[in-house]
Every structure is written in C-alpha cells, then in structure tokens.
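# predicted model, plus sequence, below.
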Amino acid sequence: MINIVIFGPPGAGKGTQAIKLVDKYNLFHISTGDVFRKNMKEQTELGVLAQSYINKGELVPDEVTIKMLISEIESNTNVEGYIFDGFPRTTPQAEALDKILAERGTSINMCLALDVEEEELKERLRKRALDSGRADDANPEVIQNRIKVYLEETSPLKAYYANQDKFVKINGHGSIDDITARLFESIDSILA
Ligand code: AMP
C-alpha cells in the first residue's frame, strides 16, 4: 500500500496534481475540501456546519473533520493506497491520521509539499474563481485569511513530517506537466 499526503498552501495545485497521481499509482483520492463542498451542495448537517467556516476561510473544527475523514477511509477500504489532499491541516489531524492508518497496519509513506510563492498563489486563486464557482476563491479577504491560516496552523506540519523523514519539498512553479513530472520522479525514487 502507498499512502501519500499532498501538501501545500491554497492554490498550490494539490487537487490538480492529486488526480495525476491517482491515475499513475492507482490511489484512492480523499479531498476533504471536495467532501465538504459536496455536503454543502446537498445542504446536509455537515455541509451547513462546514459552510460557516469555509466561507470565512477558517478551518472546519478538527473533531468534525477527523470524523469525516475516518468515515471516508472506512467506506473505501479495498484500495491500493490513499492520497490525502487537503488533510491533514493541523497537528491533531496529522496525529489522528497516523493512528487511523496504524490501526489498519499501514502508514503514510511521504508528504509531498508543493512550494509556491504567495503572489503566485493569489493569482492562481483569482483565476480559479472565474470558473470554480467557489465563494472562498472569489473574495480577496477570504483568500488572505486562508493563506494566514495555512501559515499559522498548517505549515507546522512540515516539521511533523520532516521528523518522520517523510517530508519532500517539490517546486510548485511551472506548467502542470512539469510539476507532475517532478512528483512522479520523487515518488518513484522513494518507492525504488
Ligand atoms: P480545499 O478545497 O482543500 O481548499 O478546502 C476548502 C476549505 O475546506 C478550507 O479552506 C477549509 O475551510 C475546509 N477544509 C478542507 N479540508 C480541511 C481540513 N483538513 N481541516 C479543516 N478544514 C478543512
């Protein structure tokens, strides 16, 4: 089993690249943002709760997010591996993920972190807002808050994975294909 965390700030290209890795390594894609958005669309109880945080650019509370993540894993067990996209975003989430995987006799192999400068992130999110229909992409204040939350709450996870020797920084600038090639190269060298 291969389990990958695709990591990076909002707009770094995690979702775009996760899809490429799914195809090549036959992984099951879990995007917590996508699950929240689906629930928001359907106006489920989870969706209504998540929406109040997401529209402000805040994180959905750990307790809710971890519960949802466990249920995603439990309903998709017959897989060759997972790619976690947008999770973990806090230290308690990373600890919970390690525990859930350990209980299933597996673990995270690597955290691939897309490194992109702040100005470029904002530009990508501005462009994405034109067709994503995402309220959290359309508002510059919300974007700024998402970046702030990333720096304060999520970026400490770099050290979390570095301490486990699982942190790999990937240059996130350039064309989609160039970045995909860098990811493939890193994964193949780690798996070799
Ligand atoms: P994303 O699609 O990954 O950019 O996520 C969109 C929004 O969903 C984030 O700005 C958060 O509000 C929320 N969200 C997604 N994943 C998480 C997570 N792991 N923990 C808390 N909130 C999350």
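Received the coordinates, thanks.
# after whichever strand or helix holds Gly33, which helix or strand is next?
Assigned by DSSP states H and E, Gly33 belongs to helix 32-41. Beyond helix 32-41 in the direction of the C-terminus, DSSP H and E gives the next helix or strand as helix 45-54.
# buried stuff in that next one?
Leu46, Gly47, Leu49, Ala50, Gln51, Tyr53, Ile54 (16 or more other C-beta atoms under 10 Å). Quick note: C-beta positions are derived from backbone N, CA and C, even for glycine.
# which elements pack onto the helix holding Gly33?
helix 45-54, helix 62-74, strand 81-85 (3 or more C-beta pairs under 8 Å, 6 or more residues apart in numbering; DSSP states H and E).
# give the buried residues for stretch 18-27.
Ala18, Lys20, Leu21, Val22, Tyr25, Leu27.
# from those residues, which is closest to the ligand?
Ala18 (10.2 Å; C-beta to the nearest ligand atom).
# thinking that closest one is in contact with Asp85, fair?
Yes. Using C-beta atoms under 8 Å, Ala18 makes contact with Asp85 at a distance of 4.3 Å.
# need the overlap of contacts for the two.
Common contact partners of Ala18 and Asp85 (C-beta atoms under 8 Å, 6 or more residues apart in numbering): Ile6, His29, Ser31.
# just send the helices and strands packed on helix 32-41 back as TSV, with mean pLDDT and distance to Val149 too.
Formatted as TSV, those follow (pLDDT from 0 to 100; distance: least, C-beta to C-beta, whole Å):
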stretch	mean pLDDT	distance to Val149
helix 45-54	97	10
helix 62-74	97	13
strand 81-85	98	17
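# ok, Val5 to the ligand distance?
11 Å (C-beta to the nearest ligand atom, to the nearest Å).
# identify the residues contacting stretch 90-110?
Here stretch 90-110 has contacts from 1-5, 59, 62, 65-66, 69-70, 73, 77, 84, 87-88, 153-154, 156-157, 160-161, 164, 166-168, 186-187, 190-191, using C-beta under 8 Å, 6+ apart.
# swap that for stretch 147-161, sorry
Contacts of stretch 147-161 (C-beta under 8 Å, 6+ apart): 5, 7, 9-10, 57-59, 88-91, 94, 108, 110-111, 113, 118, 121-122, 167.
# near the ligand at all, that stretch?
No. Legend: contact between stretch 147-161 and the ligand by C-beta under 6 Å from any ligand atom is lacking; minimum distance shown is 7.3 Å.
# that older thread, using JSON lines, please lay out the shared contacts of Ala18 and Asp85 together with neighbour count and pLDDT.
JSON lines is the format used below for the shared contacts of Ala18 and Asp85 (neighbours: other C-beta atoms under 10 Å; pLDDT from 0 to 100):
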{"residue": "Ile6", "neighbour count": "26", "pLDDT": "98"}
{"residue": "His29", "neighbour count": "19", "pLDDT": "98"}
{"residue": "Ser31", "neighbour count": "20", "pLDDT": "98"}
